[in-house]
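Any chance you could fold what I've pasted below:
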Amino acid sequence: IDKEPFDIWDRVRNELSLSIPEDYKDADIYRKVFINNQNAVNRISNAGQRYLFYTVKRAEELDLPVELALLPFVESEFDPYAQSVYGASGIWQFLPATGKEWGLKSNWWYDGKRDVVASTQAAYSFLIHLYKKFDNDWLLALAAYNAGPSRVNKAIKRNKREGKSTDFWSLKLPKETTAYVPKLLVLCELIKNPSSYGVSLPSIANRQYFVKVN
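Numbering: from 1, shown residues only. Okay, here's the model as predicted:
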């Protein structure tokens with residue numbers, strides 16, 4: 001019988017499947033943040049302490065790439081109270097309209113966008129929807145999660161007209177979105193092989209950190 005990994009990073013490491021193409025020149029810009037920067041890496045382990053186990057477990061249950069479970073690192077550093085200048089909130093940074101569309105309730109007492117369990121479910125449902133919409137391409141689904149599906153659609157149409165490739169790396173997208181996917185994939189590289197970055201990844205125990213109460 002395979003033993004359950006003791007460390008959540010081991011569990012994630014075994015399941016990573018997406019990567020940055022060799023010829024993608026800008027990857028080093030995002031790698032620099034972590035190279036020989038133990039402080040930045042400690043922050044990641046700290047940020048993932050409470051909720052990473054849950055997002056990984058849900059991704060596995062839904063048979064999704066484990067990379068999606070790491071998205072809140074890029075979105076909010078896993079902070080349920082994170083608020084963006086555009087009004088997006090929670091670990092998955094849902095905008096009020098998108099949150100509502102994906103079933104997140106919000107009133108004076110409660111905000112589903114900040115509810116880790118509810119917002120994780122909504123984020124995965126939204127990502128699955130985007131994956132199907134963009135011909136089963138996770139990178140395009142991630143880009144659309146960040147920039148909105150119509151933004152990505154426009155970029156695809158433009159490339160088609162110009163006879164160019166329509167994969168994520170070939171599209172002309174807003175600066176934030178162009179950085180969004182590589183930031184996530186660089187984080188995956190770091191998790192895969194911390195020593196190649198000259199750092200060590202502080203352990204997070206592979207166990208539940210919270211329980212849901214009524």
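
Please identify the helix or strand for the residue nearest in space to the middle of the chain.
Geometric centre of the chain, nearest residue: Leu71, 1.4 Å, by C-alpha atoms, centre = their mean. Secondary structure from DSSP states H and E places Leu71 in helix 71-76.

list the buried ones in the helix or strand following that helix?
Downstream of helix 71-76, the next assigned helix or strand under DSSP H and E is helix 96-101. For helix 96-101, the buried set under the neighbour-count rule, 16 or more other C-beta atoms under 10 Å, comprises 98-99. Using the backbone N, CA and C atoms, a C-beta is placed for each residue, glycine as well.

coming back round to it: same for the helix holding Leu71, what does it pack against?
Under the contact definition 3 or more C-beta pairs under 8 Å, 6 or more residues apart in numbering; DSSP states H and E, helix 71-76 sits against helix 38-48, helix 175-192.

I would like the residues contacting it, please.
44, 47-48, 51, 55, 78, 82, 90-93, 123, 142, 145, 180, 183-184, 187 (C-beta atoms under 8 Å, 6 or more residues apart in numbering).

ok, of these, which come out buried?
44, 47-48, 51, 55, 78, 82, 90-93, 123, 142, 145, 180, 184, 187.

List the contacts of Asp63.
So Asp63 contacts nothing (C-beta under 8 Å, 6+ apart).

Could you look over the helices and strands packed on helix 71-76 and pick the most buried one?
Highest mean neighbour count among the helices and strands packed on helix 71-76 (mean count of other C-beta atoms under 10 Å): helix 175-192, with a mean of 18.

and that one, what does it pack onto?
On a contact count with 3+ C-beta pairs under 8 Å, 6+ apart, helix 175-192 meets helix 8-13, helix 27-31, helix 38-48, helix 71-76, helix 138-147.

Including mean pLDDT and distance to Asn206, could the ones you listed go into a markdown table?
Below are the helices and strands packed on helix 175-192 laid out as a markdown table (pLDDT from 0 to 100; distance: least, C-beta to C-beta, whole Å):
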| stretch | mean pLDDT | distance to Asn206 |
| --- | --- | --- |
| helix 8-13 | 95 | 5 |
| helix 27-31 | 94 | 26 |
| helix 38-48 | 95 | 12 |
| helix 71-76 | 97 | 17 |
| helix 138-147 | 97 | 24 |
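
Surely Tyr124 is in contact with Arg58?
Yes - using C-beta atoms under 8 Å, Tyr124 makes contact with Arg58 at a distance of 6.4 Å.

So these two - more neighbours on which side?
More crowded of Tyr124 and Arg58, by other C-beta atoms under 10 Å: Tyr124, with 21 against 17.

how far away is the residue nearest to that one when sequence neighbours are not counted from Pro149?
Once flanking residues are discounted, Tyr124 sits nearest to Leu62: 5.7 Å by C-beta to C-beta, 6 or more residues apart in numbering. From Leu62 over to Pro149 the distance is 20 Å, taken as C-beta to C-beta, to the nearest Å.
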